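Chemist: please work out how this folds:
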Amino acid sequence: MNASAGFAFKRRARAFLAFVGRRYRRAIGQRVVAAVGVAILLTQCTVGPDFRVPDLPSAANYGGSRGAATPEQPARPLAFGGNIPERWWQLFRSRYLNELIEQAIAHNPDLEAAEAAVRIAQANALTQRVALFPTVAAGFSPSYQRFPTGELTSPLNSGADIFALYTPQVSVSYVPDVFGGTRRQIEVADALVDVQVFQREGVYLALVGNIALAAIEEASLRGQLEATRRLIELQAQLLQIMRRQHDVGDIALPDLVAQETAHAQAMLILPPIEKRLAQQRDLLATLVGRFPGEDLAASFQLGSFRLPRKLPLSVPADLVRQRPDVRVAEAELHAANAQIGVAIANRLPQITLTGNAGSTATAISQLFSPGTLLWMVAGNAAQTVFDAGALENKQRAAERAFDQMTAQYRRVVLTAFRNVADTLRALEADNSAVSAADAAEKSAARNMELTRGQVQQGQVVVPVLLLAQQAYLQTAIAHVQAEAALLADAVALFQALGGGWWTRRP
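Modeler: Numbering: from 1, shown residues only. Next up is the predicted model:
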């Protein structure tokens, strides 16, 4: 098509639209308006049950011994009803922890994958909405053909048996959502978006929680290494003294060998702890989105963490709105509920409206001129008469799937409450364990020093000293582990309460 023919085509197209507007406005306009109005009225119906958010639990507290979860008698200073901050990990006041978590949020592949899953679900939901609108297709069909001569007569007025034919047309297809099946499918797609959104929040919460726990575990291992090395250093000093005593005949050889054995046994404790520490560093690097070989500037000691003076504790009625896993279960329940409506709508008549308009001519210059116009409007209604109960059983399956998701939702809610209750009990025990371990370590250290002095003066036999050294090492490591457990359970409480995602700025 040359330029002049193209301009002529556009001019005749505008003339065609004006012609249709003048000639057919009264003839078909009223019918179209009436049909659209009826379709709109019909599409106000939506079959299937409307989703209702499950009732909130009636529990007044999380339970626990000695009122562990009540505001009147908390196990540890708790801000009952307090809100979880967006960056709750900052409450531990560790600069290195803050830096690592910020790096992980920017580079962790699990979080990136979860974000991509949200975008996929949103795109699918937008795609599902397209079904509410008509589908419009435009086409242009040029052909060059020869009509057989003989007994047949050419369809052209000119009688020519070889001719070109040009047919531009616009086709419209529309499936009105008479019974709301399409809207229920959109509802399903929107619920699946919510599933991905809250799963992303779950990945986010797990990521920051795992980094905090890994950092605390690293600090615990460093504390255990420090206590073990401190004991080894004391044993080495005492071993030198005992060797001198053996040289002058003050102690027997078995006593010296016993101390050498104790020193060697303490040295054996170091490699496993050092291995775990190296593996913990690799874990932190991976969580941050780096390769294990890459060095991390952050190094954690238990003294670098500060436990918040008061830990926030949400009221039970708010827990189900804060936990990402509960919200995922709720969204899945919503999707299952909407699927019932889809199954019901599939059992009802399916209506389709189609139409097309265009022009056909033997020359492009003649398109859209009077006598070349064509249009068609059609409707179709189809109803399944017999399918051996297939559609009915699909509806029953959708209803049973909703029952299944309801039970799963209840299980997730119960698990959420159990997580909080268990964490509160753990914090209660941790406080007692830290106090007892601190007292035990101080007592064992004092006993070892007294026993060491008595051995040097020849007043105590070596086996008593070995027992004192072993007791000191055990209590020192137990003290480190108790402090780490208290910090870890504080992190677990923030995780059990949902992690504060709802306070995050959009």
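Chemist: what's the mean pLDDT across the helix or strand containing Ala317?
Modeler: Assigned by DSSP states H and E, Ala317 belongs to helix 316-322. If you average the pLDDT over helix 316-322, you get 90.
Chemist: for burial, what's the neighbour tally of Gln456?
Modeler: If you count neighbours by other Cβ atoms under 10 Å, Gln456 ends up with 15. For the C-beta atoms, the positions are set from N, CA and C on the backbone; glycine is no exception.
Chemist: touching, it and Gln237? I think so.
Modeler: No - the pair Gln456 / Gln237 is not scored as a contact, 10.6 Å apart, by Cβ atoms under 8 Å.
Chemist: show me where pLDDT drops low in the stretch 51-200 of the chain?
Modeler: Flagging of the stretch 51-200 of the chain using pLDDT under 70 yields the residue ranges 64-76, 150-153.
Chemist: partner residues bridging Pro142?
Modeler: Tyr166 (DSSP bridges).
Chemist: is it in contact with Pro168, as I believe?
Modeler: No - under the criterion of Cβ under 8 Å, Pro142 makes no contact with Pro168, lying 9.1 Å away.
Chemist: please report how far Asn346 lies from Ile186.
Modeler: With distances taken as Cβ to Cβ, to the nearest Å, Asn346 is found 15 Å from Ile186.
Chemist: how about Glu217, nearest residue that isn't a chain neighbour?
Modeler: Leaving aside its sequence neighbours, Glu217 sits nearest to Gln280 (Cβ to Cβ, 6 or more residues apart in numbering; 5.6 Å).
Chemist: let me redo that: Ala436
Modeler: Ala482 (7.8 Å).
Chemist: number of nearby residues for the residue lying closest to Asp255 once chain neighbours are set aside?
Modeler: Sequence neighbours aside, Val462 is the residue nearest to Asp255 in space, at 4.1 Å (criterion: Cβ to Cβ, 6+ apart). Neighbour count for Val462, taken as other Cβ under 10 Å: 20.
Chemist: follow-up on the earlier one: the one helix or strand the residue nearest to Ala436 maps to - what's its average pLDDT?
Modeler: Ala482 belongs to helix 462-496 when assigned by DSSP H and E. Across helix 462-496, the average pLDDT comes to 90.
Chemist: list the buried ones in that helix?
Modeler: 462, 465-466, 468-473, 475-496 (16 or more other Cβ atoms under 10 Å).
Chemist: for it, name the packing helices and strands.
Modeler: Using 3 or more Cβ pairs under 8 Å, 6 or more residues apart in numbering; DSSP states H and E, the elements in contact with helix 462-496 are helix 181-247, helix 253-288, strand 311-313, helix 390-456.
Chemist: if you set the cut-off to 7 Å instead, what comes out?
Modeler: helix 181-247, helix 253-288, helix 390-456 (3 or more Cβ pairs under 7 Å, 6 or more residues apart in numbering; DSSP states H and E).
Chemist: what's the second one packed up against?
Modeler: Helix 253-288 is packed against helix 95-107, helix 181-247, helix 462-496, with contacts defined by 3+ Cβ pairs under 7 Å, 6+ apart.
Chemist: check contacts around the residue nearest to Asp255.
Modeler: The neighbourhood of Val462, defined by Cβ atoms under 7 Å, 6 or more residues apart in numbering, consists of Asp255, Ala258, Gln259, Val455.
Chemist: so what's the residue count around the third one?
Modeler: Right, Gln259. Per other Cβ under 10 Å, the neighbour tally for Gln259 reads 24.
Chemist: residues in contact with Ser83?
Modeler: For the record, residue 83 is Asn, not Ser. Asn83 touches Pro312, Thr503, counting by Cβ under 7 Å, 6+ apart.
Chemist: that one belongs to a strand?
Modeler: No - assigned with DSSP: H, G, I helix; E, B strand; the rest coil, Asn83 falls outside any strand and is coil.
Chemist: how far away is it from Gly500?
Modeler: Using Cβ to Cβ, one obtains 7 Å as the distance from Asn83 to Gly500.
Chemist: quick one on the thing from earlier: contacts only, for the residue nearest to Ala436.
Modeler: Ala482 touches Asp430, Ala433, Val434, Ala437, counting by Cβ under 7 Å, 6+ apart.
Chemist: residues contacting the first one?
Modeler: Neighbour list for Asp430: Ala482, Ala485, Leu486, Asp489 [criterion: Cβ under 7 Å, 6+ apart].
Chemist: wait, doesn't the last one sit right on Ala426?
Modeler: The one in question is Asp489. Yes - the pair Asp489 / Ala426 is scored as a contact, 4.4 Å apart, by Cβ atoms under 7 Å.
Chemist: what residue ranges in the stretch 301-450 of the chain score low on pLDDT?
Modeler: By pLDDT under 70, the stretch 301-450 of the chain has no low-scoring segment.
Chemist: what about Ala484, distance to Ser365?
Modeler: For Ala484, the distance to Ser365 (Cβ to Cβ) stands at 88 Å.
Chemist: that should have said Arg347, apologies.
Modeler: Distance from Arg347 to Ser365, by Cβ to Cβ: 53 Å.
Chemist: host element of Gly498?
Modeler: Assigned by DSSP H and E, Gly498 belongs to neither a helix nor a strand.
Chemist: give me the number of residues near the residue nearest to it when sequence neighbours are not counted?
Modeler: With Cβ to Cβ, 6+ apart as the criterion, Gly498 has its nearest non-adjacent residue at 3.3 Å, and that residue is Gln322. Counted with other Cβ under 10 Å, residues neighbouring Gln322 total 21.
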